[in-house]
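*Asks:* only geometry, no sequence info:
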């Protein structure tokens, strides 16, 4: 892990294909069926659900020196028909972060937050909820409770000051890009009960952190 981003070689990518696009895909679909949903398991290499390209060597939080992340990509677009068609027919298309590069067919390991944000942009989503292992964005390392709201200016200060680290850097960078691209609201929350999720949507920042441009 470098600056909250994975480094992936060929053997690791093979594991990702087998576990994420294979076992987890099947298990997630089975759990959704048990919950009453009608899932259609997809991954980024299915049709053209997600297109990606190799991650650039210089990234936010990674310092000025180039980094070779290996077979790690960044999603740059999503194809709508493969996502929208199942939704219109009442089916849920859970996706996974194993994706492909257009033309050459190279498969990449792509961060799940990046894929979620690109899909939200394509769908012109009113809100995107990102579930983390912390209750939201922690603006103070001495506190365990989340900041109710983070703006773009505050995001830059949190990253440059070292308060936000690891995977949260990726969440914030990608989420604010999605906000600029048209997603109306993005919420970062921890593991919540369903009632807490509804409360966060109805009253942004009441449970987790809502991100806003200003």
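*Replies:* Arrived safely. Treat the numbers as computed from the prediction; the structure is a model and nothing was measured.

*Asks:* List phi and psi for the residue lying closest to residue 188 once chain neighbours are set aside.
*Replies:* Of all residues not flanking residue 188 in the chain, residue 209 sits nearest, at 4.7 Å (Cβ to Cβ, 6 or more residues apart in numbering). For the C-beta atoms, the positions are set from N, CA and C on the backbone; glycine is no exception. Main-chain torsions, residue 209, degrees, to the nearest 10: phi -120, psi 130.

*Asks:* For residue 209, give its distance to residue 186.
*Replies:* 9 Å (Cβ to Cβ, to the nearest Å).

*Asks:* Please list all residues in contact with the nearest residue to residue 200 once chain neighbours are set aside.
*Replies:* Closest residue to residue 200 apart from its sequence neighbours, by Cβ to Cβ, 6+ apart: residue 207 at 4.0 Å. By Cβ atoms under 8 Å, 6 or more residues apart in numbering, the contact set of residue 207 is 135-136, 189, 192, 196-197, 199-200.

*Asks:* repeat that with 6 Å
*Replies:* By Cβ atoms under 6 Å, 6 or more residues apart in numbering, residue 207 lies in contact with 189, 196, 199-200.

*Asks:* May I see those organised as a markdown table, with distance to residue 75, neighbour count and secondary structure added?
*Replies:* As requested, the contacts of residue 207 are exported to a markdown table (distance: Cβ to Cβ, whole Å; neighbours: other Cβ atoms under 10 Å; DSSP: H, G, I helix; E, B strand; the rest coil):
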| residue | distance to residue 75 | neighbour count | secondary structure |
| --- | --- | --- | --- |
| 189 | 22 | 21 | strand |
| 196 | 29 | 15 | helix |
| 199 | 30 | 15 | helix |
| 200 | 25 | 22 | helix |
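
*Asks:* Determine the three-state secondary structure at the residue nearest to residue 200.
*Replies:* coil (DSSP: H, G, I helix; E, B strand; the rest coil).

*Asks:* before we move on, the earlier item: put together a markdown table for the contacts of residue 207, with pLDDT on each row.
*Replies:* Output for those, formatted as a markdown table (pLDDT from 0 to 100):
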| residue | pLDDT |
| --- | --- |
| 189 | 92 |
| 196 | 91 |
| 199 | 92 |
| 200 | 92 |
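
*Asks:* and the residues you listed as JSON lines, adding distance to residue 85?
*Replies:* Below are those laid out as JSON lines (distance: Cβ to Cβ, whole Å):
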{"residue": "189", "distance to residue 85": "29"}
{"residue": "196", "distance to residue 85": "31"}
{"residue": "199", "distance to residue 85": "32"}
{"residue": "200", "distance to residue 85": "29"}
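
*Asks:* ok, which pair from these is furthest apart?
*Replies:* 189 and 199 (10.3 Å; Cβ to Cβ).
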